[in-house]
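Asks: heads up, no residue letters with this:
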């Protein structure tokens, strides 16, 4: 097996080797995700620039330069005009071609003269990961960053670069002549390949097919082992301890209302409730969601019951409560999920749901899901749009309350429910809302 490094391990190793003292990460709420693993002991200044980011977005880590714009351009220009520069810049862009190229040129503008830039997702493994459009949370997406990266390094004879073959490809670009001459070089291609690449820009499928055949040459792809040897960096440098502040507080409301024993649908270690529950998940495999748990807090919550969250292998009325946080939006048919949770809860039991609020998460730019759409999905008249396990529904608090009231009016619940508590801002992470139901005794 080839040696590997995570993107943050590469960044930390380069910072140690070249004594970088200032760090900037350019990312979005959809990308990055590992700012907490950048070793703060290495940098006098450590900053994060996040675009496509509403004011209400929270992930437990600081966002120093925040913009809800689709592009980093305006924020980068302000920093550049203020004379702010960084020794090491990590770019994990929103993976469209335009945003990727904007971030690359912006990062280069903000680099110190001897600075180095690291770019994530330059080597997508297949065409699905290199899709033009984002498939939604939970989907692997490198988009067109690979194409923007190649066009960026081919557009200047000043920069030397290589791509380390790890973690979906980590491009390394030096502003001055590279201190890693055995790996990094100026962009050089055989004339025929260079012409083919230029012609292929007009068609995504043709471009990716050409990339797939020639990725080693186009990216100047090098192994982790070779790069580590040439750059004289440690492949297994000590990692910083997991940041404990990425474990979100428990919910006081849940501890007040969820008594006895129950099940949690899609529980996570970084967002644990601390209740007497068994964790239900659709798989025990290491999914993108479990990897995110590990990245945030160093562990993931074991799965006790492997089953779909809307098809539970539990007897009727067997649970004191069913609880979930930021899960119900992942069901294509949330009415079906609520009916299943109602089935397994005893009379007088509780269904405790936290869902993301449209205005306080990355769903801010999406239209709200209407009640009629949810009814049509449940009846089979309409299919939910989005990739598997993405956010199929987008709500504000009132929308979800409207759904529950409709289900009561339409007698969808075999026994009616009462809404016993509503929090427009949940008391856990704070970027969602809480609605608590009690099944009639």
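Replies: Right, received. Where do you want to start? Please read these numbers as outputs of a predicted model, since none were measured by experiment.

Asks: check the protein for its longest helix and report it.
Replies: Looking across the chain with DSSP state H, the single longest helix is helix 204-219.

Asks: tell me the helices and strands packed up against that helix.
Replies: Under the contact criterion of 3 or more C-beta pairs under 8 Å, 6 or more residues apart in numbering; DSSP states H and E, helix 204-219 touches helix 145-154, helix 191-200. C-betas here are computed from N, CA, C, even on glycine.

Asks: what number of residues are in the vicinity of residue 101?
Replies: Neighbourhood size, residue 101 [other C-beta atoms under 10 Å]: 19.

Asks: a strand runs through it, doesn't it?
Replies: No: counting by DSSP: H, G, I helix; E, B strand; the rest coil, residue 101 falls outside a strand, being helix.

Asks: is it true that it touches residue 154?
Replies: No: taking contact to mean C-beta atoms under 8 Å, the distance of 11.8 Å between residue 101 and residue 154 leaves them out of contact.

Asks: coming back round to it: what's in contact with the longest helix of the chain?
Replies: Counting contacts by C-beta atoms under 8 Å, 6 or more residues apart in numbering, the residues outside helix 204-219 that touch it are 122-123, 127, 130, 132, 144, 146-147, 149-150, 162-163, 169, 171, 189-190, 193, 196-197, 200-201, 221.

Asks: buried ones among these?
Replies: Buried members of the contacts of helix 204-219, scored by 16 or more other C-beta atoms under 10 Å, are 122-123, 130, 144, 146-147, 149-150, 162-163, 169, 171, 189, 196-197, 200, 221.

Asks: roughly how far does the residue lying closest to residue 61 once chain neighbours are set aside sit from residue 206?
Replies: Ranked by C-beta to C-beta, 6 or more residues apart in numbering and with sequence neighbours excluded, the top spatial neighbour of residue 61 is residue 35, at 5.1 Å. Computed as C-beta to C-beta, to the nearest Å, the residue 35 to residue 206 distance reads 36 Å.

Asks: more neighbours, these two?
Replies: The residue with the greater number of neighbours, taking residue 35 and residue 206 and applying other C-beta under 10 Å, is residue 35; the counts read 24 against 13.

Asks: which residues does the more buried one contact?
Replies: When contacts are counted by C-beta under 8 Å, 6+ apart, residue 35 is found next to 25, 27, 48, 61.

Asks: now with 10 Å, please.
Replies: Remark: with contacts taken as C-beta atoms under 10 Å, 6 or more residues apart in numbering, residue 35 is in contact with 8, 23, 25, 27, 46-48, 50, 59-63, 90, 92, 243, 246, 295.

Asks: do residue 251 as well
Replies: If you count contacts by C-beta under 10 Å, 6+ apart, residue 251 has them with 257-258, 271, 273-275, 323, 325, 352, 354, 423, 426-429, 434.

Asks: how about the helices in the stretch 201-350 of the chain?
Replies: With DSSP state H, counting those that start in this stretch as the definition, the stretch 201-350 of the chain shows helices at residue ranges 204-219, 224-231, 252-257, 288-297, 334-344.
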